[in-house]
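# Just to be clear, the model below is a prediction. Sequence and coordinates:
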Amino acid sequence: MIQRMRPTPRLLFLFALWLALWTGLPHLPTAWAQPASGASTPATQADAPADIATLRSQLTALPKSAETSDEARLLVRQVDAIGTAAQKLIDLRTGQLNDLNARLGELGPAPAAGTTEDPDITRQRATLTRERNGVDADIRLARLVVVDAQQRATELLNKRRQDFEARLTERTASPLSPVFWRAIADAWPDDRDRLAPLLAELRTAAAAALSPENRGVVLGALLLALGVITLGNMLAERGLVALAQRILPGGRLRRSLLVIAVVLVNMLLVALALHGFRALLEDRQLLGEAAREMVKELIGVALFMTFVLSLGRALLANARRSWRLPPIADAMALRLRPFPLLVAIVGALVWIPAQVNALVEASYAALQATQAATAAALTMLVALLMFRLRPAATGGAVGAAQAAAPDAARPADAGDGTSATQTIRPVWVGLLRGLVGVVLLAVVALLVSGYVALASLVASQLIWTGIVGCAFYVLFKFVDDLCMALLAARSATGQRLAASFGLQPTRLDQAAVLLSGVLRLALFFYLVITLMAPLGTGPEEVVQRSGQFGSGLQVGEFQFVPAALFSALAVLVAGFIALRVLRVWLDTRYFPASGLEPGMRSSLTTLLGYAGGVLVVAMALSALGIGINRIAWIASALSVGIGFGLQAIVQNFISGLILLAERPVKVGDWVVLGTTEGDVRRINVRATEIQLADRSTVIVPNSEFITKTVRNMTLANAEGRVLIRLPMPLASDARHVRELMLAACAAHPSILPTPAPSVSLEGIENGMLIFQAIAYVNSPRVAGGVKSDLLFTMLEDFKRAGLPLVTPVVAATPPAPAPLA
């Protein structure tokens, strides 16, 4: 049977993908791995895995091939279920094997020949060895079952795809020719006979439901389900809007989250209402086998319509224009308003006949008629949508251009459907519309030429691409808005992170953009897998293909594993956050209680940052799959470049480590290096920052501190010395001068009492007494200011005591010689 459009399984697959991405699950829910008919499989019969013989017998009992597409899909699910059960058994047996190996290790190796040991230990070792060998054999057999199941599933999928492609390219009579309609007329009597049992069963079910004993309950349940679907969805949507306004701050995240919440709640309410009504009918045994399958298909149609309607209405947001997620002008949104309902109705109308054909096993002519109607209806729907998306004649509401423009470039809405500024439509928007037009022409050409199945598939894929694009657009927006709301520097969470960990705003913005990019890349991966699957691929095959890609991609000798990439990223983020927390704890809690000086604290913090950073990067590389041997190869390759052009960088790096370890120069020291004199503010990996007296900063390579002479004013002793030399007249009272100078030093609050200030008479020079005062202060940085204060005080004391100071003698200028006659 030729593949038909199945929007609901794909829709449910997309819905499950949303849940898997939000909750961080690596795989989709296992509901897809279960048979649709409700038949029991090894994975659902019990939580504990079955034994190897049972799994092998179940796999052997399955047919080697399938006649129809539905049978092939069911077989693939059953084979996958057996493989999953075998993998669970492997995991269970692997834990048992590890326990047995540990117990054998505790007993130690067997004694050498000619030696004896305790018989109990020998008996225990033999028993454990037999158990270990049995568990190991079970693991090997289970791995064979997994490999056989994978091969069987691959063969079934390949065979199904080959059959599908062969039937897909089969050419039949054109719908414009009488032969096409004559075949339908000839097959109608047989199709009517096949359809009669289903109609009779549905009439019987309706009569039984309307019988006196069931009428009240069934009608009440039906009214309740309709009330939940209509009134419940309306109240739920209003409640979500009110809740979002109450608990969420205004911004982009509230808009994207509201779209997702509306879609999920609407689908959940519809699913609960319809499945509850179906459970009531089955509980009262009102449905036969065919009617039961038909009700299941109708529930799928209702879920498909709910998804399309909810997503379309939430994206257009005509009732709440300020909450509209995509940048669409109001006029364009009003023009697109009926299309969600049209897409839902047309999709349901073209899908129900296809399901009825499959249920009653209709003729090939009926299938062709259904496919022709599908291609024609979907083509007209897309053509009408393209007509509505054309740019407005006034040039104000540019529709598709505004829809494609970023939020920052969105023009201000004038309120009457026109925009304040003229927006130029991007080139790619026109190319996309042209491509869709070409596809529509191709569908019409295929349909007219008799390739009905291919035309139906292309039209269905076009609609499916639009639905997937809209859904992933919402996810892209939500991921970006969530990252910005959690990590951006302007957000409340970002400000708390900056205050807690001392992070810079630019760092937070970079982290938000980087995380958003990584999550969008993961979403884009699933988008490509969903859209680029081969023809005839169902949802379970999409999941299988994504799982195979997630297991690894070989690039040369490197195995690229997406899961390992995310693990490495998580290790990096968690590692650097832990380092930051540790450094904050050391600075605020431990170091103040340890009594270490500030320079030692800075050195220890810097060393911890370097060592921790290297450790985190090594752990991230290990999580990525890059082992120590590969890192060694990289280091050996870099050594060549280091030998030629990176000598100075390596020299400064090693010098920085020596400075941090030996600490001849530490943060806070006052150093003199050549003509540079100032305070050491920071010691980095490559260079050291020195702040001069004029508040400027000099960056000195670390090798300068190792290879050159450095004067450290505060290395051994952090005290500063104040030296004052005063010349006094020869007739001055030397003792009185000494007392005044000592009193000035003792009166200054910055002068240390120990060692005590001292004043000495150095000698007589040029007829003057030379007095020298020496005092000590806490730091050499304050010595200059204290010296100035002491000089002011001493000069005032000398003046009050009547002690004259030396008056400099100015030499007389000799007279100029008389001019010659």
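Arrived safely, thanks for sending.
# tell me which element the closest residue to Ala261 other than its chain neighbours falls in.
Sequence neighbours aside, Leu240 is the residue nearest to Ala261 in space, at 5.1 Å (criterion: CB to CB, 6 or more residues apart in numbering). Backbone N, C-alpha and C define where each C-beta goes, glycine included. Leu240 is located in helix 233-247, with elements delineated by DSSP states H and E.
# Point out where the stretch 451-600 of the chain drops to low pLDDT.
Applying pLDDT under 70 to the stretch 451-600 of the chain flags residues 532-565, 595-600.
# Please, where are all the helices along it?
Remark: helices assigned in the stretch 451-600 of the chain by DSSP state H, counting those that start in this stretch are 452-487, 492-501, 505-531, 539-550, 562-585, 591-594, 598-624.
# what's near enough to touch Leu235?
Applying CB atoms under 8 Å, 6 or more residues apart in numbering to Leu235 gives no contacts.
# and the helices of the stretch 451-600 of the chain as a markdown table, adding distance to Trp351 and mean neighbour count?
Below are the helices of the stretch 451-600 of the chain laid out as a markdown table (distance: least, CB to CB, whole Å; neighbours: other CB atoms under 10 Å):
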| stretch | distance to Trp351 | mean neighbour count |
| --- | --- | --- |
| helix 452-487 | 9 | 21 |
| helix 492-501 | 44 | 14 |
| helix 505-531 | 19 | 16 |
| helix 539-550 | 15 | 18 |
| helix 562-585 | 34 | 16 |
| helix 591-594 | 69 | 12 |
| helix 598-624 | 45 | 16 |
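# any low-confidence regions in the stretch 701-821 of the chain?
Along the stretch 701-821 of the chain, the model assigns pLDDT under 70 to residues 716-718, 807-821.
# hang on, the earlier thing: which of the helices of the stretch 451-600 of the chain sits closest to Leu59?
Smallest distance to Leu59 across those (CB to CB): 17.2 Å, for helix 539-550.
# where does Val722 fall, helix, sheet strand or coil?
Classification of Val722 using DSSP: H, G, I helix; E, B strand; the rest coil returns strand.
# And it, how far from Ala746?
Noted for Val722: a distance of 13 Å to Ala746, by CB to CB, to the nearest Å.
# between those two, which one's more packed in?
Neighbours per residue, other CB atoms under 10 Å: of Val722 and Ala746, the larger number sits with Val722, 24 against 12.
# Go ahead and confirm that one touches Val777.
Yes. Using CB atoms under 8 Å, Val722 is in contact with Val777, at 6.2 Å.
# Please enumerate the shared neighbours of these two.
Residues touching both Val722 and Val777 by CB under 8 Å, 6+ apart: 751, 783, 786.
# Now, the residues you listed that are in helices?
Counting by DSSP state H, the part of those found in helices is 783, 786.
# which one among the shared contacts of Val722 and Val777 gets closest to Glu293?
Ranked by distance to Glu293 (CB to CB), the shared contacts of Val722 and Val777 are led by Ala783 at 97.0 Å.
# quick one: the strands in the stretch 601-750 of the chain?
Under the criterion DSSP state E, counting those that start in this stretch, the stretch 601-750 of the chain carries strands at the ranges 670-673, 676-683, 687-691, 697-701, 711-712, 720-729.
# partners of the fourth one in the sheet?
Yep, that's strand 697-701 we're talking about. Strand pairing for strand 697-701, determined by DSSP bridges: strand 687-691 (antiparallel).
# got a list of contacts for stretch 289-301?
Contacts to stretch 289-301, defined as CB under 8 Å, 6+ apart, come from residues 8-9, 12, 197-198, 201-202, 204-205, 271, 274-275, 278, 281-282, 287, 348, 351-352, 355-356, 359-360.
# Among these, name the buried ones.
8-9, 12, 198, 201-202, 205, 271, 274, 278, 281, 287, 348, 351-352, 355-356, 359-360 (16 or more other CB atoms under 10 Å).
# Next step: the residues you listed restricted to helices.
Mapping the buried ones among the contacts of stretch 289-301 onto helices (DSSP H) picks out 8-9, 12, 198, 201-202, 205, 271, 274, 278, 281, 348, 351-352, 355-356, 359-360.
# Roughly how far does Val782 sit from Tyr776?
Noted for Val782: a distance of 11 Å to Tyr776, by CB to CB.
# likewise Ile247?
Distance, Ile247 to Tyr776, using CB to CB: 64 Å.
# circling back to that earlier point, buried residues, the helix holding Leu240. List them.
Neighbour-count burial for helix 233-247, counted by 16+ other CB under 10 Å, picks out 233, 236-237, 240-241, 244.
# Go through this protein and flag its longest helix.
If you go by DSSP H, the chain has its longest helix at helix 119-168.
# I'd like the average pLDDT over it.
Helix 119-168 carries an average pLDDT of 78.
# now that helix, how far from the chain's geometric center?
Mean C-alpha position of helix 119-168 versus that of the full chain (CA atoms, centre = their mean, to the nearest Å) differs by 35 Å.
# Val458 contacts Leu440, correct?
No. If you go by CB under 8 Å, Val458 and Leu440 don't touch, sitting 9.3 Å apart.
# residues contacting the spatially most central residue of the chain?
Most central in the chain under CA atoms, centre = their mean is Leu519, positioned 3.4 Å from the mean C-alpha point. Leu519 makes contact with 479, 483, according to CB under 8 Å, 6+ apart.
# Equivalent analysis for Glu237, please.
Residues near Glu237 by CB under 8 Å, 6+ apart: 262, 265-266.
# where does it land on pLDDT?
Note on Glu237: pLDDT of 85.
# now the buried residues of helix 233-247 as a markdown table including distance to Gln495?
Output for the buried residues of helix 233-247, formatted as a markdown table (distance: CB to CB, whole Å):
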| residue | distance to Gln495 |
| --- | --- |
| Asn233 | 38 |
| Ala236 | 33 |
| Glu237 | 33 |
| Leu240 | 28 |
| Val241 | 27 |
| Ala244 | 22 |
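# Closest one of the residues you listed to Ile463?
Of these, the one sitting nearest to Ile463 (CB to CB) turns out to be Asn233, at 23.5 Å.
# thinking that closest one is in contact with Ala271, fair?
No. The criterion here is CB under 8 Å, and Asn233 misses it with Ala271 at 11.8 Å.
# Please enumerate the shared neighbours of the two.
In the contact map built from CB under 8 Å, 6+ apart, no residue is linked to both Asn233 and Ala271.
# With distance to Gly434 added, can I get the strands of the stretch 601-750 of the chain in JSON lines?
Output for the strands of the stretch 601-750 of the chain, formatted as JSON lines (distance: least, CB to CB, whole Å):
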{"stretch": "strand 670-673", "distance to Gly434": "69"}
{"stretch": "strand 676-683", "distance to Gly434": "59"}
{"stretch": "strand 687-691", "distance to Gly434": "57"}
{"stretch": "strand 697-701", "distance to Gly434": "57"}
{"stretch": "strand 711-712", "distance to Gly434": "74"}
{"stretch": "strand 720-729", "distance to Gly434": "80"}
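# what does stretch 271-286 contact?
With CB under 8 Å, 6+ apart as the criterion, stretch 271-286 contacts 205, 208-209, 214, 217-218, 221-222, 224-226, 228-229, 232, 287, 292, 295-296, 299, 302-303.
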